[in-house]
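[1] What follows is a predicted protein model with its sequence.
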Amino acid sequence: MEGENTIIVRQTDAAGNTSGSSTLTFTLDTTAQAGTVSVGPITSDDVITETEKNQAITVTGSATGGDIKTGDIVTAIINGNEYKGSVSEDGSWELSVSGSDLAVDTAFEVTVNSTDAAGNEVTSKGESVHRLNDVPVAKDGTAETEENTVLTGNVPAAEDVDGTVESYQLVDDVAQGSLDFNADGSYTFTPGSDFDDLPAGDSREVTFTYSATDNNGGVSEPKT
């Protein structure tokens, strides 16, 4: 059986005489012991931002206990790509991972393969979960002005559940008149003479689209 075992041995000759007993103690080792694998925060806040998607990110952690030892191979498969490292003397490890892979695969497993003194193999496992930055949510808006009357206004305030909205950007300009669009979401629309052809009482719709950017570089879907 696994662990320390004792055998008592006696000899018997052809005449039926039995010798004194001898004791043999041995250890049976057929199973290596798994250790503990932990994964640290993927980034300072465990959130992958738009900027970090385009960077290499150092994923760190520890692997200790059981039959884990210095030099054991650390492996993570993230978004179908394999990343490898090794356990350091202090039990730490690190992997350089593409931010684009972490953006796709927000949960992954880290394994450490070890072998004990008897040659038995064991795999120790740890898991990591992180998330992506939530981009802002911009809103549609409407405003009215009279012919040849300059309109000033602000786009509706965008919302961001995990950050702050830092700026607004013009995506598609107006087709008639002229528009001055500012980073704070304010704008000035000047009809000019582009609407002089309108009959009295008629109106014409003019649109522009814009987006919002948060403090993590996330950009909203364009709104009108």
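    Perfect, thanks for sending it. Numbering: from 1, shown residues only.

[2] got the domain boundaries for this protein?
    Per the record, the chain has its domains at 36-132, 151-214, by automatic domain parsing.

[3] Deepest in the core, which of the ones you listed is it.
    Using mean count of other CB atoms under 10 Å, the stretch among the domains of the chain with the greatest mean number of neighbours is domain 36-132 (a mean of 16). To be clear about C-beta, it is placed using only N, CA and C from the backbone, and glycine gets the same treatment.

[4] and that domain, how far apart are its ends?
    Start to finish, the residues bounding domain 36-132 are 27 Å apart (CA to CA, to the nearest Å).

[5] residue furthest from the geometric center of the protein?
    Most distant from the centre of the chain: A15, at 78.6 Å, with distances by CA atoms, centre = their mean.

[6] and that residue, how far is that from L151?
    122 Å (CB to CB, to the nearest Å).

[7] least trustworthy helix or strand in this structure by mean pLDDT?
    strand 22-28 (a mean of 65; mean pLDDT, DSSP states H and E).

[8] Is A15 in a helix, a strand, or coil?
    coil (DSSP: H, G, I helix; E, B strand; the rest coil).

[9] Model confidence for it, exactly?
    Each residue has a pLDDT score; the one for A15 is 72.

[10] Now do the end-to-end distance for stretch 80-98.
    Stretch 80-98 end-to-end distance (CA to CA) = 12 Å.

[11] Provide the contact partners of it at residue level.
    For stretch 80-98, contacts defined as CB atoms under 8 Å, 6 or more residues apart in numbering pick out 56-64, 68-79, 101, 112.

[12] Quick check: next helix or strand after the least confident helix or strand of the chain?
    strand 36-39 (DSSP states H and E).

[13] Which secondary structure elements does the helix or strand just after that following strand sit against?
    As assigned by DSSP H and E, the chain's next helix or strand after strand 36-39 is strand 47-48. Helices and strands touching strand 47-48, by 3 or more CB pairs under 8 Å, 6 or more residues apart in numbering; DSSP states H and E, are helix 99-104, strand 131-132.

[14] could I get the domains of the chain as JSON lines with mean pLDDT and distance to T25?
    Below are the domains of the chain laid out as JSON lines (pLDDT from 0 to 100; distance: least, CB to CB, whole Å):
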{"stretch": "domain 36-132", "mean pLDDT": "95", "distance to T25": "16"}
{"stretch": "domain 151-214", "mean pLDDT": "94", "distance to T25": "62"}
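
[15] I'd like to know which of these is closest to A138.
    Comparing the domains of the chain by their distance to A138 (CB to CB), the top pick is domain 151-214, with 4.4 Å.

[16] Could you give the bridge partners of L132?
    I48 (DSSP bridges).

[17] Can you name the residues that contact it?
    V47, I48, A103, T106.

[18] T58 belongs to a strand?
    Yes - applying three-state DSSP, one finds T58 inside a strand.

[19] Next, find the distance separating it from F108.
    For T58, the distance to F108 - CB to CB - is 15 Å.

[20] Now that G218 has come up, it's in contact with D134, right?
    Yes - contact criterion CB atoms under 8 Å: G218 and D134 qualify, at 6.9 Å.

[21] Show me the common contact partners of these two, please.
    D160, G163.

[22] Determine which of the domains of the chain approaches I7 most closely.
    Here domain 36-132 is closest among the domains of the chain (CB to CB), at 19.0 Å.
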